[in-house]
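> pasting the sequence and the predicted coordinates here, then a few questions.
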Amino acid sequence: MFRETMIRKARGQDWEALVSLFIIENKHNAALAPDTVQETTEVLTVEELDAILSDDNSALFVAEHNDTVVGALLGNVVQVACRRWTAPRCYSYIEDIVVAPRARRQGIAQKLVAHFECWARATKATTVELHVWPNNADAIRCYAKMGFINKQLLLSKRID
């Protein structure tokens, strides 16, 4: 059904479609982590999109099917300087990835990540990293199929 999906760099005219997708992602994340994520419809301004699109260290890709944006991936590249306790490195980080519900389980997330990996490789990044909520089993399975492994755990403790 979505085999002819094209991955391309986002453009300013994608703003409305991106807002729709990021609202879906925000609602999903708010349901998974209500103590951390607030549900909102104010997920992306035109100015924020312009800043992302003009930042050489950021990448925003969209999946387009039949002239409709059905997925998006926002990521960046991070340079870590050498310090006494860290080795220098360059890695890429996926900040957001979302696929429209009607287009899920069609390989679109994999296509977006593969496209991001090519971009990241060209920036000299050596890894792709991301965070995922531990109760997001579908995403964890999807990432595992793409070769992602658990690298660290973020622990939290309420103190109020």
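Perfect, thanks for sending it.
> what helices or strands is the biggest strand by length in the chain leaning on?
If you go by DSSP state E, the chain has its longest strand at strand 68-80. Secondary-structure packing of strand 68-80 (3 or more C-beta pairs under 8 Å, 6 or more residues apart in numbering; DSSP states H and E): helix 15-32, strand 58-65, strand 89-99, helix 108-122. Quick note: C-beta positions are derived from backbone N, CA and C, even for glycine.
> which of those sits closest to residue 44?
Closest to residue 44 of the helices and strands packed on strand 68-80, according to C-beta to C-beta: helix 15-32, at 5.4 Å.
> now the closest one - C-alpha only, CSV.
C-alpha atoms of helix 15-32 as CSV (Å, rounded to 0.1, in the frame of the first residue of the first chain):
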residue,chain,number,x,y,z
TRP,A,15,4.3,23.0,8.3
GLU,A,16,0.6,22.0,8.6
ALA,A,17,1.3,18.3,7.9
LEU,A,18,4.2,18.4,10.4
VAL,A,19,2.0,20.0,13.1
SER,A,20,-0.6,17.3,12.6
LEU,A,21,2.0,14.6,12.9
PHE,A,22,3.7,16.1,15.9
ILE,A,23,0.3,16.5,17.7
ILE,A,24,-0.2,12.8,17.2
GLU,A,25,3.2,12.1,18.7
ASN,A,26,2.6,14.5,21.6
LYS,A,27,-0.6,12.8,22.5
HIS,A,28,1.1,9.4,22.4
ASN,A,29,4.0,10.6,24.5
ALA,A,30,1.6,12.3,27.0
ALA,A,31,-0.3,9.0,27.4
LEU,A,32,3.0,7.1,27.9
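> check which residues of that helix are buried.
Residues 15, 17-23, 25-26, 28-29 are the ones in helix 15-32 that count as buried (16 or more other C-beta atoms under 10 Å).
> any idea how far that helix is from the middle of the chain?
12 Å (C-alpha atoms, centre = their mean, to the nearest Å).
> could you point out the helix or strand that follows that helix?
Using DSSP states H and E, the helix or strand that follows helix 15-32 in sequence is helix 46-54.
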